[in-house]
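Participant: Mind looking at a prediction? Sequence and model below.
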Amino acid sequence: MKKRFILILLLSSAFLLLTGCVYKSTTSELAQFDNILQENRCDFSIVDKKLKKGDDIILWSIQGGSLARNCGDFAKSTQFFDEAELHYKFDVDMKNPLLEVRDKTKSILINNNANPYEGNVYEKIMVNTYKALNFLALNDKENARVEINRALERERIAKEYFANDIASLEKKNAANLQELKNTQDLYNSFAKLKAEREEKKSGVKTKAQTFDFNENSIELAFEKYTQNSASAYSNFINPFTTYLSALFLLNDRSYQRAVDLFKEGLQIDPKNMQIAKDFMMADKMAGEFNARFNEHYVWLIYENGFGAARGEFTIDLPLFLASDSLIYSSIALPTLVFRPLSYPFLTIKNDSGDSFRTYVIADMDSIASAEFNKRYFGLAAQAVISAAAKTVIQKQLNDIDPILGFLGFAYQIATTKADTRSWSALPKRFEAASIPIKDGNITIIDENGIILQKEFLQNDKNVIIYIKSLQKGQITVHKIYL
């Protein structure tokens with residue numbers, strides 16, 4: 001008995017340690033990666049280590065692409081994003097059905113952290129958007145045009161993709177729920193048989209210890225989240241991708257297409273002064289024959305702050321009815337953690353006295369919230385079903401041996417973890433401003449009038465000054481001549 005106990009304890013401890021490390025390691029490495037970005041270090045050791053091991057290739061490729069952009073290595077950034085796109089295509093969009101079954105089993109018996117990161121629709125759109133910006137920074141307008149068209153195509157199919165994706169998730173949850181009920185029914189059958197045998201043996205009426213899944217627990221889990229749900233965009237396009245595409249087309253002399261895209265931006269945010277300025281410029285040029293810029297402009301594009309990350313909260317739910325009482329169990333659910341802005345806005349000035357402050361083009365927190373909220377009922381259902389399945393297993397183990405039951409309980413606690421992985425390098429929001437270049441001297445100042453950056457620009461070309469700031473006192477800057 002003693003040897004059996006020691007063997008079970010060692011094996012279970014090793015397994016629990018392994019499942020726990022998957023969660024803790026990813027959380028710790030994401031935090032380390034954010035520190036590298038904040039400190040403007042070009043340290044790819046975490047990214048390289050994860051990709052070499054094949055861990056969450058999509059996640060660490062997009063993180064690596066962001067880090068390389070921060071370091072001004074736009075070719076390397078594109079290589080990372082290309083890797084992510086390849087795995088989006090073959091590991092997500094064209095996923096093998098057998099791998100679907102494997103991942104579903106892992107989600108139920110462990111948690112979703114055990115599965116490879118598959119990303120979100122808005123992340124796919126941003127991959128192509130950043131690739132377009134990389135090519136523009138390298139003065140490769142042809143490839144930039146390709147990536148802009150891909151990003152716009154991803155936007156176009158976002159709603160259709162979402163409808164299919166959510167329908168697929170609902171089917172998976174229904175199948176998982178049916179499997180849970182089948183397991184529960186099998187256990188209840190054995191429990192009744194066991195009670196009948198004990199009654200025959202002792203002559204004393206014995207009540208079977210059966211239990212039935214409480215489907216209301218899924219609704220309770222969903223309601224618990226939506227009490228604090230963030231506001232979200234009603235559709236699944238990224239206004240920054242639309243704006244950047246319009247800006248590119250304006251400078252590519254595709255004036256009418258630029259007008260149409262700027263108009264889309266104004267439909268989302270009718271009071272946006274920057275989009276209105278650009279729309280009027282494009283509309284005027286679209287109505288002229290062989291229109292060209294009479295004077296050249298500088299656009300300031302500002303990536304402001306850290307975008308939403310994922311955190312975790314746990315709640316206790318009544319999962320089963322058993323002998324006129326409720327069996328409660330904890331589940332862990334992801335939640336969005338909204339992080340701070342850097343400078344609330346920036347102002348761009350020239351020596352002729354023109355100045356304009358940045359306006360928000362896209363709130364990435366709202367974009368993330370839109371998709372997160374759309375998926376959330378499915379996530380809540382999956383977490384509840386997973387907890388219920390583990391509770392059934394724990395009960396079965398306890399019937400065999402109380403020691404095994406305790407280990408099942410410990411396993412359930414160790415694997416009750418939410419999936420908190422996300423593309424943490426995205427900004428909280430994108431902003432933009434523009435003025436004529438005039439004599440070439442351009443100054444960027446913060447909300448208090450403190451000079452952050454001075455640039456001397458050619459005045460024979462339009463140009464983008466691209467600034468990323470995760471926190472006050474930290475900025476990266478590069479120029480894109482259009």
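Facilitator: Good, I have the coordinates.
Participant: who are the neighbours in contact with S352?
Facilitator: P436, K438, D439 (CB atoms under 8 Å, 6 or more residues apart in numbering). For the C-beta atoms, the positions are set from N, CA and C on the backbone; glycine is no exception.
Participant: Helix, strand, or coil at the last one?
Facilitator: This means D439. Secondary structure, DSSP: H, G, I helix; E, B strand; the rest coil: D439 is coil.
Participant: Any of the contacts of S352 buried? List them.
Facilitator: K438 (16 or more other CB atoms under 10 Å).
Participant: Just send the contacts of S352 back as TSV, with pLDDT and distance to Q458 too.
Facilitator: Shown next, in TSV, are the contacts of S352 (pLDDT from 0 to 100; distance: CB to CB, whole Å):
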residue	pLDDT	distance to Q458
P436	95	13
K438	89	12
D439	87	11
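Participant: In a markdown table: the contacts of S352, plus distance to E147.
Facilitator: Compiled in a markdown table, the contacts of S352 are given as follows (distance: CB to CB, whole Å):
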| residue | distance to E147 |
| --- | --- |
| P436 | 28 |
| K438 | 31 |
| D439 | 34 |
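Participant: pLDDT below threshold where in this protein?
Facilitator: 1-25, 91-113, 159, 161-170, 225-236, 323-324, 396-399, 404-414 (pLDDT under 70).
Participant: Show me the residue at the heart of it, geometrically.
Facilitator: Nearest to the mean C-alpha position of the chain, by CA atoms, centre = their mean, lies S422 at 4.3 Å.
Participant: Go ahead and list the helix or strand containing the closest residue to that residue other than its chain neighbours.
Facilitator: Leaving aside its sequence neighbours, S422 sits nearest to R310 (CB to CB, 6 or more residues apart in numbering; 4.8 Å). Secondary structure assignment for R310, by DSSP states H and E: strand 309-322.
Participant: can you list contacts of that strand?
Facilitator: 30, 209-214, 216-217, 220-221, 224, 326-337, 339, 384, 387-388, 391, 416-422, 424.
Participant: In this protein, mark out all the strands, start to finish.
Facilitator: Ranges of strands in the chain, per DSSP state E, are 211-213, 297-304, 309-322, 325-337, 347-350, 355-357, 359-363, 429-436, 441-445, 451-456, 463-471, 474-481.
Participant: and the second one, which strands flank it?
Facilitator: Spelled out, that is strand 297-304. strand 429-436 (antiparallel), strand 463-471 (parallel) (DSSP bridges).
Participant: Same list (the ones you listed) but as TSV, adding distance to Q38.
Facilitator: Listed next are those as TSV, based on distance: least, CB to CB, whole Å:
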stretch	distance to Q38
strand 429-436	18
strand 463-471	5
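Participant: So which of the ones you listed is nearest S45?
Facilitator: Closest approach to S45 among those is made by strand 463-471 (19.6 Å; CB to CB).
Participant: re the thing from before, closest one to G72 among the strands paired with strand 297-304?
Facilitator: Closest among the strands paired with strand 297-304, using CB to CB: strand 463-471, at 10.4 Å.
Participant: Let's see that closest one as CSV, backbone CA atoms only.
Facilitator: In CSV, the C-alpha atoms belonging to strand 463-471 read as follows (Å, rounded to 0.1, in the frame of the first residue of the first chain):
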residue,chain,number,x,y,z
VAL,A,463,6.0,61.7,-45.6
ILE,A,464,4.8,59.8,-42.6
ILE,A,465,6.5,60.3,-39.2
TYR,A,466,5.7,57.1,-37.4
ILE,A,467,6.0,57.2,-33.6
LYS,A,468,5.4,54.4,-31.1
SER,A,469,5.3,55.1,-27.4
LEU,A,470,4.4,52.5,-24.8
GLN,A,471,4.8,54.9,-21.9
